[in-house]
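Visitor: Dropping a prediction and its sequence here:
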Amino acid sequence: MEEDMLREFLIETYENLEKLDSDLLVLEKSPDSKSTLDNIFRVFHSCKGACGFLGLSKLETIAHAGENLLGGLRDGAIKMNSGITDVLLATVDAVRKILSCVENYKNEGNTDYSNLLKNIYECQSGGGKPDERIEKSSVPACGEDDEMTARVKGLSKAQSELFENIVCEILSKKGSLMPEDIEAALSQCMGSEKEALPCKEPAVNTVTLSLDNLEGKSEQKGQNVADSSIRVNIELLDKLMNLVGELVLIRNQLLQLTSGTDDGGFISISQRLNLITSELQEGIMKTRMQPINNIWRNFPRVVRDVASTLDKKVRLEMHGKETELDKTIIEAIKDPLTHILRNSIDHGIENLSQRIEKNKAEEGLILLRAYHEGGQVNIEIIDDGAGINIAKVKQKAIKQGIITAAQASVMTEREIANLVFMPGFSTAEKVTNISGRGVGMDVVRKNIEKIGGTVDIENRPGNGTTVKIKIPLTLAIIPGLIVTSGGDKYAIPQVSLLEVVRLKADHSKNVIEEIHGTPVYRLRGKLLPIVYLNRELKLSGNEHVDISKDDDINIVVLQAGDRQFGLIVDVVNDTEEIVVKPMSKQIKEIPVFAGATIRGDGRIALILDILGIAKLSGVVSEAQDRWLMEKSFQNTKKNDEIQQILLFKTRNNGRMALPLSKVSRLEIFNSSDIEKAGKIDVVQYRGQILPLIYVSSILPERRNCIRETVSNKTDFDTSSVNFNLQVVVYSSEANKCVGLVVDSILDIIETNFEIQRTACRDGVLGSAVIQSRVTEILDMENLVKKINPSFFNA
Amino acid sequence: MDERQFCTFYLDRLFFGIEVTKVQEVIKFHEITTVPLSKKVIKGLINLRGQIVTAVDLRTRLELSERQDLSYVMNIIIKIDDGAVSFMVDEIGDVLEIGNEYFEHPPETLKGIARELICGAYKLKDRLLLILDTEKVLSI
C-alpha cells in the first residue's frame, strides 16, 4: 500500500517538477504572472502535503521553505528577481535529488541542505540578492563536470575518480553514507596521492558534490519511475478503443470474405491481419485496465470513519488488490461497493458488547476479495457480523408491503435474504446518517446490473454475510451469440448464455408444454420458462415458429439475475466478438436492447438486454409476480410430478427407486477391487475413495424372513468368489459420492408417482406404485447418515 | 443584411428547410435495421461508415400520409450531441441562402403537431419554406 502511494507520489511530483522548471523561467521573465506563480505554489504545496503523509521530513522542510518563499512572492511582500529564481531552481533541483534518492534507496539521502534553506530564508526576509558564492555551493552540482568538481575540492581527477568508486561501493552495500565512511574513503584516496586535505570541512562539501555526480550516474543506469510511464488522456484511449472496435468489425468482414475464396495469398494476409487485430485489441484493452485497488484504496478510510461514528471496531482486509478491470467498470462499481461496505459495518458487524457476548473477537472483520473467474471478475464483501436475520427481514418486508405473509411463507431463506435489494426495504430500527433510509441496496443492484453484473447475498446467520458481485471484465468488446428472429439478427451477450438446446422437428411435438398458457420446457427434469423472442419483440409475419409446426426448435437457455429461462429463436447463427455501440436516446429507453453492433457483413444487429427481456416477459419481476409463478410451478409439480427415476432390484426381488437427478453414474466393479477402510467397503473410483453401501444388507426385506436368512449366508464374501457388482454412484449436493450396491438395474423411466405410504423404515421415503409394482423410494440422505453420520459434513 | 443558409427538402409536396450548419451530410437510401418495440417514427438504424445512426421518418413525425416506397427515401444526417440522427425525407432540394427579412413566425391558426415543430416560414417568391426545429423533432 505504502509502496504504491510512494510510487504514485514520485510519478506525480516528477511530472510537476518538469513543468516547474519552465514555469519558473516564465516567472522570471514576467514576475507578475499570477497564474504561473499559483501553479508553482500549488506544486510545492501538494509536495509538502504528501511528504508529511509519507514521512519524508527533509523534503517536507525544503518544500515548506519553498512554499513560504513563494507565498511571500504571491502576496507581493517580496519582489521577484533572478536571485530568487536561482534559489527556487536550486530548491527544485534539491527536491528532484531527494526524490531520486527516495526512489533508489528508499531514504532521503544524507545531503545537507541547510545552506539552501538559509538562502531561502534570506530571500524571504531580505528579498535581496543572496550571496552568489554561498548559493553556488548549495546548488547541487549536477551541471558541473568532473574537472570542476575535482578542482573545487582540491582533489586530482584520478583521486576523485577513485573516491567516487569507493563511495559508490559503500552506497551499493549500505544504501546510505555516513560521515565516517566518507572520511575513510577520502583518506584512502589521499594516501594514494600523498596530498593532504586542506581541512575537514571542505571534505564534507566534496562529498555533497561528488554524491551529486554519483546520483546522476545511478539515475542514468536505471530509468526512474517517471520515465517508465506516461499519462494519457482517457478520451484518447476511448478513441483508440473505438478505432480498434472498427478494426475488429472490418476484420470480421474480411474473414467472411476469405471463407469464399481460394486465393492462398489473400487468406494468409487476412489471417495475419486477424492475429494482429486480436493482439492490438488485447493491448488497447489492457491500457484501459486498472487495478481494483484504485477504488479500494479509499476504503480503509471509509471503514475507519464509519466504524468510529458507530462506535465499532472494524478491521478491513483486502485480497486481490491487483485484480484488473476496465476503467469504466471500475468507476461504475465504486459507489455500489462503498455502499455495501457501509452497510456491512452498520448492519453486519455487531456492537462491541454484542460481539463480546457472542464470544467473537472485539474487532469485526470485513474481507474484500477480488478475483478473475471465467472472463468475469468476482468481488466479495465478507463480514463476520451477525448475518441477516431472516425472520426480521421477513417481518419487515411484510410490514413494508413488499411481500405478503402468504408469499413469505413459501420463500426460501436465500430469496428472503435477497429481499434487501428490494426498493424501499430497510431493517434498521432507526435511520442513521450511514444507512437505514431504505434507499441504497436497490440502487446498488440496479447499478451493478446496468454494467451487466449480478449481485447475490449469502447469509450465515450469526456468522456474517457475504455479498458476491460478478461483473464483466470489459464492456466495449464482448463475445456474443448471434441469433435470428423474424428475419433480423440479434446478439446475445455470452455472459448470460448457459446453453443452446436444439430440438429436432420430429421430437419437438409437445415438448414445449403449457401451464395455463405459459410455455415451459422440461430441461433435465426441471421446468424452464420459455419466452418467444419474436413474440416479445412483436415481430410480425413470423408466427409459424410455434410448437406444432415442423421446424426445429432452438432454445437459448439464458441466465437473468437468479433466474433461468429459455428463449426461442428462429436460427442460432454463430458466436462473434461484438463491439457494443451505444444507441441514441430516442431508442435507449426500450428496455430489451443493451446497444447495437455492426456485424461482419456491415449490417446492424441489436444487442439483447437479457434482463430486460426477462422483465418484459415476466420471468424476472417484482417479488409478487415471482412468487405467483413459483407457486404455479409448485402446484404443477405436486399434481403430476414427472420425474426420471432409476429402478433397481434388490436381491429379494424387491423393487426400489431413486430419482435419477441424484445419480451421477452407473458403474460395474469387480469384487476384487473392493478394499476395506475401517469397517466400510470402499473402491477406488476416479482417483477418489468411494464408500460402498449394500442396499440389501442395510434395508433387509422384512416381508420374508426366510429369504433374508438365505441372503445373509451369501453375504458378499469378497475373498472367495470373484463377481461383478452393479453400483449406482450417488452424489450428494456437496459433491460427495457414495456407491450404492444393487442387484441389478431394472430401468430408467419417466413417470409421475405419488408416494402413498409415509416412510415405514429408515432410509426409505415411502412406497409408490410404479409400473404397477410397489416400489420403495430410497431416502439416500438418511441412508447414508445411518451408516456414517458425519458423511455429509464437510 | 443577415442571411442564412438552409438545406431544403420535400415532404408530401411541402417544402421544408433545416439550417445547413446542423446538417452533416445527405445520403441516398441506405439499408436500415428495424428496431422492434420502438416508436413508429423511428424507422430503424443505419450503419453510416461504422457509426450507428437512428433514422426518423419525418413523414410520420409530422403526421403526414404514410410513405409507400422506402427505396426512394433520402437521408439527411443531422449532427447532435451524442452522435447523429437521420431524417428520412422524400426528395432533396437546393441549399438556399435567404435574408432574415423574409422570415415570419407561424400564424396562430397553425395547430397540432405542426405548431410544435415548425418554428417559422420564409416567404420565397413562389412558395413558403417551412423551417423545422430539429431539437423538437428529436424530442420524441
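Guide: That came through fine.

Visitor: remind me which residues of chain B are low pLDDT?
Guide: Per-residue confidence for chain B (pLDDT under 70) gives these ranges: B:1, B:70.

Visitor: Up against chain A, what does it have?
Guide: B:31, B:33-39, B:42, B:45-47, B:50, B:52-54, B:56, B:80, B:82-83, B:85, B:138, B:140 (Cβ under 8 Å from any Cβ of the partner chain). Backbone N, C-alpha and C define where each C-beta goes, glycine included.

Visitor: So which of those belong to helices?
Guide: Secondary structure defined by DSSP state H assigns B:Leu138 of these to helices.

Visitor: elements contacting the helix or strand containing A:Asn534?
Guide: Of the helices and strands defined by DSSP states H and E, A:Asn534 is found in helix A:533-536. Applying 3 or more Cβ pairs under 8 Å, 6 or more residues apart in numbering or on different chains; DSSP states H and E, one finds that helix A:533-536 makes contact with strand A:477-485, strand A:563-569, helix A:610-617.

Visitor: and these as a markdown table, adding distance to chain B, mean neighbour count and mean pLDDT?
Guide: Shown next, in a markdown table, are those (distance: least, Cβ to the nearest Cβ, whole Å; neighbours: other Cβ atoms under 10 Å in any protein chain shown; pLDDT from 0 to 100):
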| stretch | distance to chain B | mean neighbour count | mean pLDDT |
| --- | --- | --- | --- |
| strand A:477-485 | 9 | 21 | 86 |
| strand A:563-569 | 13 | 23 | 88 |
| helix A:610-617 | 9 | 22 | 83 |
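
Visitor: who's the residue in the stretch 601-750 of chain A positioned nearest to chain B bridged to?
Guide: Residue of the stretch 601-750 of chain A nearest chain B, by Cβ to the nearest Cβ: A:Ile604 (4.1 Å). Beta-bridge partners for A:Ile604, by DSSP bridges, are A:Ile598.

Visitor: Isn't it up against B:Thr33?
Guide: Yes. Taking Cβ atoms under 8 Å as the definition, A:Ile604 is a contact partner of B:Thr33 at 4.1 Å.

Visitor: quick one on the thing from earlier: what number of neighbouring residues does the residue of the stretch 601-750 of chain A closest to chain B come out with?
Guide: 22 (other Cβ atoms under 10 Å in any protein chain shown).

Visitor: what's it in contact with, if anything?
Guide: Each residue near A:Ile604 by Cβ atoms under 8 Å, 6 or more residues apart in numbering or on different chains is listed here: A:596-598, B:33, B:45-47, B:52.

Visitor: ok, now A:Val467?
Guide: A:Val467 makes contact with A:340, A:344, A:380-382, A:455-458, according to Cβ under 8 Å, 6+ apart.

Visitor: Ignoring the adjacent residues along the chain, who's closest to the closest residue to chain B within the stretch 51-200 of chain A?
Guide: Using Cβ to the nearest Cβ, A:Arg74 is the residue of the stretch 51-200 of chain A that sits closest to chain B, at 40.3 Å. Nearest-residue entry for A:Arg74: A:Leu37, 5.4 Å, with adjacent residues in sequence omitted and distances by Cβ to Cβ, 6 or more residues apart in numbering or on different chains.

Visitor: One more: A:Gln688?
Guide: A:Gln688 sits nearest to A:Cys737 (Cβ to Cβ, 6+ apart), 6.8 Å away.

Visitor: pretty sure that neighbour is in contact with A:Leu690, am I right?
Guide: Yes. Taking Cβ under 8 Å as the definition, A:Cys737 is a contact partner of A:Leu690 at 5.7 Å.

Visitor: Spatially, which two of the contacts of A:Ile604 are the most separated?
Guide: Within the contacts of A:Ile604, two members stand farthest from each other by Cβ to Cβ: A:Thr597 and B:Ile46, at 14.0 Å.

Visitor: All set now, cheers.
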